[in-house]
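Novice: Pasting a predicted model and its sequence here:
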Amino acid sequence: MNLRTKKILSMAFENLKQRKLRTTLTTLGVVIGIMTIIALASLGDGLRSEVQTRMESGFELNVLIVFPGSLTAGLGQPFRPSDISNIRSVSNVSLVTPIVTLPSARVFKDDSERIGAFTVGAVNFTEMQKMLPERFQLIDGAFPAAGDNDTIVFGYKADTRNGTIFAKVGQNVTMNIKITYNNQEFVINRTLRIAAVLQEGGTSGITDFDYWAFIPTETAVQILHGEYYQTILVQVADPEASEEVARDIEGKFEPFAVSVLVPSTFIQQVNNILNLLQIFLLAVASISLLVAGIGIMNIMTVSVMERTREVGILKAIGAKSRTVLSMFLAEAVWIGAVGGLIGLFTGYGLSYALASLISRFVQPQQQQDTLFATPGRQPLAIHPIFTPEWTIAAFIFAIVVCVIFGLYPARKASKLNPVEALRYE
């Protein structure tokens with residue numbers, strides 16, 4: 001920085017000090033604008049990080065979920081063993097396991113006391129442990145061994161109500177199932193031994209295994225007199241290739257015959273939505289800074305009128321137009337720099353205050369929200385995330401806005417005729 005620039009900045013600073021109230025009010029507009037931008041940007045990044053973390057914990061990114069038909073237009077015909085074989089032949093597929101979803105079932109203890117109605121899924125327990133190792137962990141008992149078909153495994157919530165356990169590992173329960181076979185309805189009662197209970201937190205993709213009960217696949221085949229699978233879980237070797245694998249799976253079937261849920265794509269779409277929301281909020285916050293810029297132009301225009309004689313004296317003693325222009329622009333830079341710095345620090349404080357307020361507001365809602373308030377999981381909390389990029393961009397934006405809106409009055413001052421300026425009262 002040369003001597004001339006230092007002198008201009010020094011003079012500009014002294015001029016601002018002589019008008020403390022006006023300078024303070026002008027700077028305050030910049031502070032509010034930058035404070036709002038920093039607060040919303042950090043909260044937006046914090047929200048996106050929290051939502052992404054929770055979604056990634058709710059989905060195995062390397063597991064695809066295949067349905068027959070469409071979730072929106074209606075499910076198609078169940079999968080058959082040949083469909084399973086076709087999916088296993090797709091490249092980059094490391095494991096495939098089907099799930100049989102039985103009709104609505106009622107479970108009784110001692111042939112009288114009803115425990116409840118559950119979603120009953122028939123699975124290969126060995127494959128499910130490999131497919132969803134974090135979901136299929138036990139708090140009691142052991143998974144059924146091969147050939148041990150008259151068994152049932154409860155999800156964490158399936159055998160409890162208000163903390164009271166209705167059935168324990170080793171006890172027998174009766175499962176009552178209604179099925180349709182050859183256009184006739186049958187009621188089947190099957191006595192099953194409780195083999196195990198899953199740990200809490202069984203959310204996987206679109207469902208919650210805490211509210212499921214599981215039986216061996218062979219048991220469902222016996223009950224249904226055939227192999228009919230409603231869902232297929234596909235584990236891919238490389239999560240980055242999930243979309244390609246999904247297209248290859250769809251290619252094994254007739255058009256629109258299957259739907260493949262790709263968790264990574266779903267998370268990406270949600271992330272895009274959050275990005276658009278953050279851009280919208282920042283655009284709204286930027287309006288306040290633009291309003292502050294108009295105030296700066298207003299104040300500096302009035303300042304030029306008040307200092308017309310002073311400008312005339314400067315020009316009379318040899319000051320060039322560009323020097324006068326630089327002096328007034330330097331005042332705008334000072335306002336932007338000081339307002340930007342104060343806005344950065346107050347923005348940090350405001351973001352933490354808003355995060356605390358939002359967390360307190362959503363706490364009562366979480367008590368009824370099964371997605372974010374499942375017992376044993378951390379409640380939803382937004383933690384502001386500050387990045388150097390946003391900090392630098394906000395600071396530069398403050399200076400740029402001030403310079404742009406200060407350019408007109410600065411040019412007006414630099415164009416003053418020294419003779420007319422000296423005669424100005």
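Specialist: Received it, and whenever you're ready, just let me know what you need.

Novice: ok, residue 290 - contacts?
Specialist: By Cβ atoms under 8 Å, 6 or more residues apart in numbering, the contact set of residue 290 is 33, 401. For glycine as for every other residue, the C-beta is placed from the backbone atoms N, C-alpha and C.

Novice: What residue spans form the domains of this protein?
Specialist: Using automatic domain parsing, the domain ranges for the chain come out as 3-58+267-423, 63-237.

Novice: TSV for these, including distance to residue 255 and mean pLDDT?
Specialist: Shown next, in TSV, are the domains of the chain (distance: least, Cβ to Cβ, whole Å; pLDDT from 0 to 100):
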stretch	distance to residue 255	mean pLDDT
domain 3-58+267-423	23	79
domain 63-237	11	82
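
Novice: Residue 248 reaches residue 87, doesn't it?
Specialist: No - in this structure, residue 248 is not within contact of residue 87 by Cβ atoms under 8 Å, at 9.1 Å.

Novice: With neighbour numbers in mind, choose between these two.
Specialist: residue 87 (22 against 17; other Cβ atoms under 10 Å).

Novice: and the closest residue to that one other than its chain neighbours, which of the three is it?
Specialist: Closest residue to residue 87 apart from its sequence neighbours, by Cβ to Cβ, 6 or more residues apart in numbering: residue 96 at 5.2 Å. Using DSSP: H, G, I helix; E, B strand; the rest coil, the structure places residue 96 in strand.

Novice: ok, what's across the strand from residue 96?
Specialist: residue 234 (DSSP bridges).

Novice: check contacts around the spatially most central residue of the chain.
Specialist: Closest to where the C-alpha atoms of the chain average out (Cα atoms, centre = their mean) is residue 51, at 3.1 Å. Going by Cβ under 8 Å, 6+ apart, residue 51 touches 270, 274.

Novice: do you know how far it is from residue 156?
Specialist: From residue 51 over to residue 156 the distance is 24 Å, taken as Cβ to Cβ, to the nearest Å.

Novice: repeat for residue 343
Specialist: Distance of residue 343 to residue 156, computed by Cβ to Cβ: 48 Å.

Novice: now swap in residue 82 and tell me
Specialist: Taking Cβ to Cβ, one finds residue 82 at 35 Å from residue 156.

Novice: How about residue 234?
Specialist: 25 Å.

Novice: Compare residue 343 and residue 156 and say which one has the larger neighbour count.
Specialist: Neighbours around residue 343 and residue 156, counted as other Cβ under 10 Å, are more numerous at residue 343. The numbers are 30 against 21.

Novice: my guess is the more buried one is in a strand, correct?
Specialist: No - judged by three-state DSSP, residue 343 forms no part of a strand; its state is helix.

Novice: The closest residue to it other than its chain neighbours: how many residues sit nearby?
Specialist: Leaving aside its chain neighbours, residue 343 sits nearest to residue 34 (2.7 Å; criterion: Cβ to Cβ, 6+ apart). Per other Cβ under 10 Å, the neighbour tally for residue 34 reads 30.

Novice: so can I have a markdown table of the domains of the chain showing distance to residue 252?
Specialist: As requested, the domains of the chain are exported to a markdown table (distance: least, Cβ to Cβ, whole Å):
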| stretch | distance to residue 252 |
| --- | --- |
| domain 3-58+267-423 | 24 |
| domain 63-237 | 4 |
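
Novice: who wins for proximity to residue 260 among the ones you listed?
Specialist: domain 63-237 (5.3 Å; Cβ to Cβ).

Novice: Could you tell me how far stretch 319-328 lies from the centre of the chain?
Specialist: Taking Cα atoms, centre = their mean, to the nearest Å, one finds the center of stretch 319-328 at 50 Å from the center of the full chain.

Novice: then that stretch to CSV, C-alphas only?
Specialist: What follows is stretch 319-328, C-alpha atoms only, in CSV (Å, rounded to 0.1, in the frame of the first residue of the first chain):
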residue,chain,number,x,y,z
ALA,A,319,-6.7,17.8,-5.8
LYS,A,320,-7.6,15.9,-8.9
SER,A,321,-11.1,14.4,-9.6
ARG,A,322,-9.8,10.9,-9.1
THR,A,323,-8.5,11.8,-5.7
VAL,A,324,-11.8,13.2,-4.6
LEU,A,325,-13.5,10.0,-6.1
SER,A,326,-11.0,7.8,-4.3
MET,A,327,-11.6,9.6,-1.0
PHE,A,328,-15.4,9.1,-1.1
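
Novice: So what touches that stretch?
Specialist: With Cβ under 8 Å, 6+ apart, stretch 319-328 has contacts from 8, 11-12, 15, 300, 304, 311, 314-315, 406, 409-411, 413-416.

Novice: Check stretch 144-163 too.
Specialist: Contacts with stretch 144-163, where a contact means Cβ under 8 Å, 6+ apart, come from 107, 115-116, 118, 125-126, 139, 141, 143, 165-168, 173, 175, 190-202, 208-216, 218-219, 222.

Novice: Sort out which of these are buried, if you could.
Specialist: 107, 115-116, 118, 125, 141, 143, 166-167, 173, 175, 190, 192, 194-202, 208-216, 218-219 (16 or more other Cβ atoms under 10 Å).
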